[in-house]
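[1] The following block contains a protein sequence and its predicted model.
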Amino acid sequence: MQALLEQIEDKRKLINDFKAIIGDKYILVEESKKHPYSKGYRYGAGEAFLVAKPGSLLEIWKILEICINNDFIVLMQAANTGLTGGSTPEGGNYDRPIVIVNTMRIDDIQIIDNGNQIIGFAGSTLFGLENKLASYGREPHSVIGSTSIGASIVGGICNNSGGSLIKRGPAYTELSLYAQLDENGELLLVNDLGIDLGETPEEILTNLQNGKYTEAQIQFPDKLASDNEYEERVRDINADSPARFNADERRLYGASGSAGKIVVFAVRVDTYPAAKRTKVFYVGTNDPDVLWQLRRDILSQFKNLPTTGDYLHRACYDATKKYSKDNFLVIHKLGTDFIPNLFALKRKVDLLASRFKFLPDKFSDRLMQFLSRLWPNHLPRRMEEYRDLYEHHWVIETADDAIDETRTYFKEFFAKHEGDFFECTDKEGARALLHRFVAGSAIGRYHAIHEKEVGPMLSIDVAFPRNEKDWFENLPPEIDDLFEIKLHYGHLFCHVFHQNYIVKKGVDAKALKDKLLKTFDVRGAEYPAEHNVGHEYMAKPTLQNFYRELDPTNRFNPGIGQTSKRKYWK
């Protein structure tokens, strides 16, 4: 009994030590309060000793010092919008207690070089950056998709995210400020921001937080702040390797691709000129080869590439219309800044509902699905007509000089080939793009509503070689017959696809996924392409070696990529 009392006292002392740094309000120890941070957006859940929500960069450093001194695992988290569970605990087989450090209170963004670059702090969001850059006539790396769900700038860098904007490529920088542990367990602060901020961690972090530096202190080293080679890479349509993927060693550097194996305080990234004019073209066909030819012609012949080109299969179109309608309406009516609040509200509703046995699991999903049925059809008439006419849909956004080039080409192309296109009005274009970008939530909602009748979900994020002609999935019957539903969408120009499945009840989902991945291996595909390995994929040797170099003691986010959760990688 005495030993137990001592353990309780030690726990209380530790909690008070954390509270002394950032205050009682921002240290969460009750299970109900930790739940929104210890459970993933779509995948992954586990136990945490506590959740800390620091309000400054220096507070993060002080929290790290306590964690290191008391042998805690540190799990960094921003918006918790990852799709593979990479920013939450997974299971309970860790050898040390976990502290989750959520950075969303630290959302500062500093504009440098007349808006050509920015410094994004640990909790800064793409949505916040988009608003801040508007007066400069500039845009962030991503302007829809990740922006719509409140994703963070640092999270995108750490997870090799994005690339749907085909002239910008995956999120990438070689300029960052981060903490890591060396082989002896010593906590180090690495300033690769290219800004002279002082010598000690306290000086560096405080000066950056307060913007206490001059233009003369900003250097411009020979380091990248974006993937400046991506347009050339994606245009190489005859290459037998993918344009982008998570384990691409070309784009593993410091914070970029680090997946939580270091603690990133801030990143320095490029911005991009905003378009003066935009136009969305909507393409439909029943022949996948038509889209294959379109893709090759555009990438190899166009002087001005489109901005994005996102594919949607008819089955995914239908599921998104029905099961992502509420997300569409929330973003359309209330704006993207409401999405984090919506997720928080959903979690609170589910937690409250769990206390009443007569209410079903995932009550918030069921409630929102019911309410969405009361709203009239939200999709434009011409999109609906194309849904009936065509199996394959391609939403292509263009800007400035690319508009006329695309229009002329499409008129000539569809005069000779099956399928058709139309130019969207501004209203149609906005709805077409939003419909595509809420498609990712359809599979989860479908599963929540039908979970008693079906088996588990499978979500695969795959990059095919740039020269792959048979891009649309054609599975052998012994595999295809095991699925209840298949939803396919993706970035056709990049040959990156999100293939979401729900297996039939009683099917071994893990064995089935292994079979699927083997079919991708045969074709020279890479996976995951842009969502990080999380706890859902096994990290390939290139990634594992990178993780070990960053974190030799395996203190930060252990278990990522199905690696060891044990201290020193045992």
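    Now that the structure is in, tell me what you want to look at. The shown structure was predicted, so the numbers you read here are calculated from the model rather than taken from an experiment. Residues are numbered from 1 along each chain as shown.

[2] so where is the stretch 101-250 of the chain shaky, pLDDT-wise?
    Within the stretch 101-250 of the chain, the set of residues satisfying pLDDT under 70 comprises 144-150.

[3] Mind doing that once more with 80?
    For the stretch 101-250 of the chain, the stretches flagged by pLDDT under 80 are 142-150, 162-164.

[4] What are the boundaries of the helices in it?
    With DSSP state H, counting those that start in this stretch as the criterion, the stretch 101-250 of the chain has helices at 126-133, 153-158, 201-209, 230-234.

[5] Of all those helices, which one is nearest Leu374?
    Between Leu374 and these, the tightest spacing by Cβ to Cβ is seen for helix 126-133, at 28.1 Å. Just so you know, the C-beta spots here come from the backbone N, C-alpha and C atoms, and that holds for glycine as well.

[6] And the closest one, what's buried?
    Neighbour-count burial for helix 126-133 flags Leu126, Phe127, Gly128, Leu129, Glu130, Lys132, Leu133 (criterion: 16 or more other Cβ atoms under 10 Å).

[7] Then Lys357 would be within a strand, right?
    No: assessed with DSSP: H, G, I helix; E, B strand; the rest coil, Lys357 is coil; it does not lie in a strand.

[8] what number of residues lie near it?
    Neighbour count of Lys357, defined by other Cβ atoms under 10 Å: 6.

[9] Backbone dihedrals for it, please?
    Backbone torsions for Lys357, taken as degrees, to the nearest 10, come to phi -60, psi -30.

[10] give me the low-pLDDT residue ranges for the chain?
    For the chain, the stretches with pLDDT under 80 are 1-9, 41-43, 81-83, 142-150, 162-164, 335-348, 350-351, 354, 358.

[11] ok so, going back, need the helices of the stretch 101-250 of the chain in JSON lines with distance to Asn304, can you?
    What follows is those, written out as JSON lines (distance: least, Cβ to Cβ, whole Å):
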{"stretch": "helix 126-133", "distance to Asn304": "22"}
{"stretch": "helix 153-158", "distance to Asn304": "26"}
{"stretch": "helix 201-209", "distance to Asn304": "38"}
{"stretch": "helix 230-234", "distance to Asn304": "11"}
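
[12] And the ones you listed: which comes nearest Lys333?
    Lys333 lies closest to helix 126-133 among these, at 16.0 Å (Cβ to Cβ).

[13] that older thread, among the helices of the stretch 101-250 of the chain, single out whichever gets nearest to Gly82.
    Among the helices of the stretch 101-250 of the chain, helix 153-158 sits nearest to Gly82 (Cβ to Cβ), with 7.3 Å.

[14] I'd like to know which elements that closest one is packed against.
    For helix 153-158, the elements it packs on are strand 117-121, helix 126-133, strand 263-270, judged by 3 or more Cβ pairs under 8 Å, 6 or more residues apart in numbering; DSSP states H and E.

[15] So which residues make contact with that helix?
    Helix 153-158 is contacted by residues 78-79, 81-82, 87, 103, 109, 120-126, 129, 140-142, 146, 161-162, 171-173, 176, 255-260, 264, 266-267, 269, 532 when judged by Cβ atoms under 8 Å, 6 or more residues apart in numbering.

[16] related to what we said a few turns ago, what is the nearest of the buried residues of helix 126-133 to Lys357?
    Checking the buried residues of helix 126-133 against Lys357 with Cβ to Cβ, the nearest one is Phe127 at 38.5 Å.

[17] Give me the distance between the closest one and Pro552.
    From Phe127 across to Pro552, the span is 36 Å (Cβ to Cβ, to the nearest Å).

[18] do the same with Asp350
    Distance of Asp350 to Pro552, computed by Cβ to Cβ: 39 Å.

[19] and if you look at His392?
    Separation of His392 from Pro552 (Cβ to Cβ) stands at 48 Å.

[20] quick one: which of these two has more around it?
    Ranked by neighbour count (other Cβ under 10 Å), His392 and Pro552 place His392 first, with 22 against 17.

[21] how about the nearest residue to that one, chain neighbours excluded?
    Using Cβ to Cβ, 6 or more residues apart in numbering and skipping the chain neighbours, the partner closest in space to His392 is Thr285 (5.2 Å).
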